[in-house]
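Student: Sharing a sequence plus its predicted fold:
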Amino acid sequence: MKAIILARVSTKEQEEGHSIGAQKQRLEDYCARKGLQVVRVFEIIESSTRGKRKEFAAMLEFAKAQKETVAIVADAVDRFQRSFTEYYAG
């Protein structure tokens, strides 16, 4: 199966404690262990609660444009969605 890696922090300041580089490495290792083929890595610095989520929306559009099912792999649920009440029912 193919996978998209989502490495995200909300602010530049948060990048200190939740380094995008560290997230990316953990996620690449995870995909390798699970036999997932990484087709793209999204490194996003944007809040999930303030303003439009342009980069996040671009990642979702990329995922939807794939011809086959693709997994979106994130370090933690909060990197992908604001709460469990949000989900894509595509």
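Tutor: Cool, got the structure.
Student: any chance you could map the strands in this structure?
Tutor: Secondary structure of the chain (DSSP state E): strands located at 2-9, 37-45, 70-74.
Student: of these, which approaches Ser19 most closely?
Tutor: Nearest to Ser19 among the strands of the chain is strand 2-9 (7.9 Å), distances taken as C-beta to C-beta. Just so you know, the C-beta spots here come from the backbone N, C-alpha and C atoms, and that holds for glycine as well.
Student: just checking, what packs against that closest one?
Tutor: With contacts taken as 3 or more C-beta pairs under 8 Å, 6 or more residues apart in numbering; DSSP states H and E, strand 2-9 sits against helix 20-34, strand 37-45, helix 54-64, strand 70-74, helix 77-80.
Student: and the second one, what other elements does it pack with?
Tutor: I take that to be strand 37-45. strand 2-9, helix 20-34, helix 54-64.
Student: and the angle from that strand to helix 20-34?
Tutor: 160 degrees (axes from the mean of the first three to the mean of the last three C-alpha atoms, to 10 degrees).
Student: can you pull the buried residues of strand 37-45?
Tutor: Val38, Val41, Phe42, Ile44 (16 or more other C-beta atoms under 10 Å).
Student: From the residues you listed, which shows the smallest pLDDT?
Tutor: Among those, Ile44 carries the weakest pLDDT, at 88.
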